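In: Let's see this in three dimensions:
(one chain, ligands or ions: 1)
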Amino acid sequence: MTTEAKVAPPNPTPIVLSGIRPTGEIHLGNYFGAIRHFIDLQETDNDCLFFVADLHALTTAMEDKIDLDAASIDVLRWYLACGVDPSKALIYRQSDILEIPFFNLLLSMIAPEGEVRRCTTFKEKSADMETKNKMVTVGLFAYPVLMAADILFCNADIVPVGEDQLQHLEIAREIARRYNHYFGDNHLIVEPQPLKTAAIRVPGLVGEGKMSKSTGGPGNVIYLSDTPKQIRKKVMAAVTDTGPVVGEPMSQPMVNLYELLKLVAPSEVYEEYLARHATGEQKFYGYLKQAIAEHMTALIEPIQARYHSAECSAERVQEILDASSAKVRKIAQKNLAGMLKDMKFEHLAKQLAP
Ligand code: AQP
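Out: Numbers count the residues shown, from 1 in each chain. Below is the predicted model:
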């Protein structure tokens, strides 16, 4: 006899959730892999929750002495500048939701150790930290469990994240399935789905890695705060090859540059440069790079103008946080009470939802 799997139905209005760590300046990888989708998703029929993952920042930034409060406010200023709207989405700070560490603890008891151990991000990040003589911690290892707590506490349906986070999201799905199987008598957890269009990897300007705050150096990344001059300098210095050869596949550095052009420029500009490459034209890479830099600047300049306006000030962000944290904690407490009841911690469940 087979027992039927306990599955939570999707929420009637889909719950969308995502966050970014305050480990450095926001860049085009964060924008195209995450923030751009926050804006699209808040415009349709969804309940959106967007946060700054300051607890997650500690997984790699413990020794960096980052002022996490200031860095978190800054990430949220960029959210607002990019168009995340507090009247359409709940915008909050992870550490303000005191229930999240409790979810983290409970979920760690059913998290699949083998899958967590196999995470590519852990392998890459721990190797990078070891070369920099930084501590590799249990917190870094257990990053996906805290991410599961972030997502599952509110029963999120959709999580817009870049490709690098898909493996972590799969672990959150597995944890939800395990919870439902072992404990889900009354409270069931929705299995969160990635947003397919967000699951991209924005390449860096040097080497083979993704665009990132902390790897590849400042020449690898375009920050939303970069000036036109900085953008131009970084793009013009990007690696290329000696020129296209008809019939030969495009080299990896050129694939990267074309991916960046596709993201920032209108499709006709992208197609034009693609045709120039396909016909084997020589000596046009300088113009290609110029086009990339100009379109990046055109995208970033209005965002920067908003970032410096009063609607995106640190004071405005603080007001938003003051208003949102109680609302988010209420959602967390309701779901935590349901979980605690099913996990036979009735005395605690009663305290949260008497
Ligand atoms: N290059 C990228 N392409 C697509 N999406 C990306 N994201 C980050 N880089 C790219 C997406 O941005 C969101 C927030 O990421 P994060 O800052 O919380 O952590 P991260 O993925 O570790 O980003 P970084 O820049 O590489 O930070 P550091 O250097 O501190 O580790 C996620 O949705 C992520 O997919």
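
In: which residues touch the residue in the stretch 151-300 of the chain that the ligand sits nearest to?
Out: Per CB to the nearest ligand atom, G162 is where the stretch 151-300 of the chain lies closest to the ligand, at 2.2 Å. Backbone N, C-alpha and C define where each C-beta goes, glycine included. For G162, the contact set (CB atoms under 8 Å, 6 or more residues apart in numbering) comprises 29-30, 32-34, 198-202, 210.

In: can you list the residues you listed in TSV and add secondary structure and distance to the ligand?
Out: Below are the contacts of G162 laid out as TSV (DSSP: H, G, I helix; E, B strand; the rest coil; distance: CB to the nearest ligand atom, whole Å):
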residue	secondary structure	distance to the ligand
G29	helix	3
N30	helix	4
F32	helix	6
G33	helix	2
A34	helix	4
A198	helix	7
A199	coil	8
I200	coil	5
R201	coil	5
V202	coil	4
K210	strand	4
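
In: ok, of those, which come out buried?
Out: 29-30, 32-34, 198-200, 202, 210 (16 or more other CB atoms under 10 Å).

In: now these as CSV including distance to V138 and pLDDT?
Out: Listed next are the buried ones among the contacts of G162 as CSV, based on distance: CB to CB, whole Å; pLDDT from 0 to 100:
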residue, distance to V138, pLDDT
G29, 27, 96
N30, 26, 96
F32, 32, 96
G33, 27, 93
A34, 26, 95
A198, 29, 84
A199, 28, 89
I200, 30, 93
V202, 30, 97
K210, 25, 93
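
In: and L90, helix, strand or coil?
Out: Look at L90: counting by DSSP: H, G, I helix; E, B strand; the rest coil, its state is strand.

In: Around it, how many other residues sit close by?
Out: Using other CB atoms under 10 Å, L90 has 19 neighbouring residues.

In: what's the pLDDT at it?
Out: With respect to pLDDT, L90 scores 98.

In: can you pull the alpha-carbon coordinates of stretch 299-312 into PDB?
Out: Only the C-alpha atoms of stretch 299-312 are listed here, as PDB (Å, rounded to 0.1, in the frame of the first residue of the first chain):
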ATOM      1  CA  LEU A 299      20.000  51.900 -17.900                       C
ATOM      2  CA  ILE A 300      21.800  53.000 -14.700                       C
ATOM      3  CA  GLU A 301      21.600  56.800 -14.900                       C
ATOM      4  CA  PRO A 302      17.900  57.100 -14.100                       C
ATOM      5  CA  ILE A 303      18.200  54.600 -11.300                       C
ATOM      6  CA  GLN A 304      21.100  56.600  -9.800                       C
ATOM      7  CA  ALA A 305      19.000  59.800 -10.000                       C
ATOM      8  CA  ARG A 306      16.200  58.200  -8.000                       C
ATOM      9  CA  TYR A 307      18.700  56.700  -5.500                       C
ATOM     10  CA  HIS A 308      19.700  60.300  -4.600                       C
ATOM     11  CA  SER A 309      16.100  61.500  -4.300                       C
ATOM     12  CA  ALA A 310      14.200  61.900  -1.100                       C
ATOM     13  CA  GLU A 311      11.900  58.900  -1.900                       C
ATOM     14  CA  CYS A 312      14.900  56.700  -1.600                       C
END
